[in-house]
Every structure is written in structure tokens, then in C-alpha cells.
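[1] Below: sequence and its predicted model.
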Amino acid sequence: MTRPIPAEQRDEMSQDPFYQKCCVADENCSGVIQFHHNFTWQGKRTDHKFGILPVCEYHHRIEASIKDKLDWVMLNRMSDSELKQFSKAVNLKDKRDRLNKIYDSYKING
């Protein structure tokens, strides 16, 4: 079940260049951009901006199979203090470092 993004935050994100194209951006991209809640904290999806990712319809449909790549984008959008704050059951900084070795360092375009 998707969680509605507050209208003010949705408007702000719609103006942000990062949210104008799919964050996966590969040869399979197709369809309109949708907002994907990628971050879950204490069993609930949150509205933290770093955890809401722009994905095309195609990548949104297959999000379970590209979870590591979506996590990689999200973790590289988090500040060090956010990584520390939310590293409870999983050390998010270590996970980011591991994914950067697989996918390279993520560069935020926008």
C-alpha cells in the first residue's frame, strides 16, 4: 500500500531537478516518473526526502528485483548524520560502501 506524500512536499519535489527523471536511468526506462517510497523505518514507509525516489513506470513495477540499486541511490542521498541516525538493525554506511563497490559511487545529477 502506498503512502500519500504531503501536498507541500510533493510540490517541492516536483520542482527539484532530481525528481524529473528515473533515478535508475538505464536502457529499459519507460513511462511517466512516479515517486517510490524506498525507505522503511520501524516497519513503516516514511516521507524522508532521501527515501522517496523518482522511478519510471517500468522500474516501479520491478522494484523488488532492483532493490539493491534503489538502496544504493537512496543511501548515497543520505547525509552521514542520517546514515548514523538510522543505522540500528543495519549499518547503513557499511551497506552504502558495499553497494558503491558494486555500482560505483552515485553522483546526484540535478
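    Everything's here; your move.

[2] and the helix or strand harbouring residue 85, what does it pack onto?
    Using DSSP states H and E, residue 85 sits within helix 80-86. Applying 3 or more C-beta pairs under 8 Å, 6 or more residues apart in numbering; DSSP states H and E, one finds that helix 80-86 makes contact with helix 92-103. The C-beta positions use only the backbone N, C-alpha and C, and glycine is treated the same way.

[3] Would you mark the buried spots in the helix it packs on?
    92, 95, 96, 99 (16 or more other C-beta atoms under 10 Å).

[4] So for the last one, what's the nearest residue that isn't a sequence neighbour?
    Of all residues not flanking residue 99 in the chain, residue 72 sits nearest, at 3.9 Å (C-beta to C-beta, 6 or more residues apart in numbering).

[5] ditto for residue 34
    Spatially, and ignoring its direct neighbours in sequence, residue 34 is nearest to residue 60 (4.9 Å; C-beta to C-beta, 6+ apart).

[6] again with residue 59
    residue 24 (4.7 Å).
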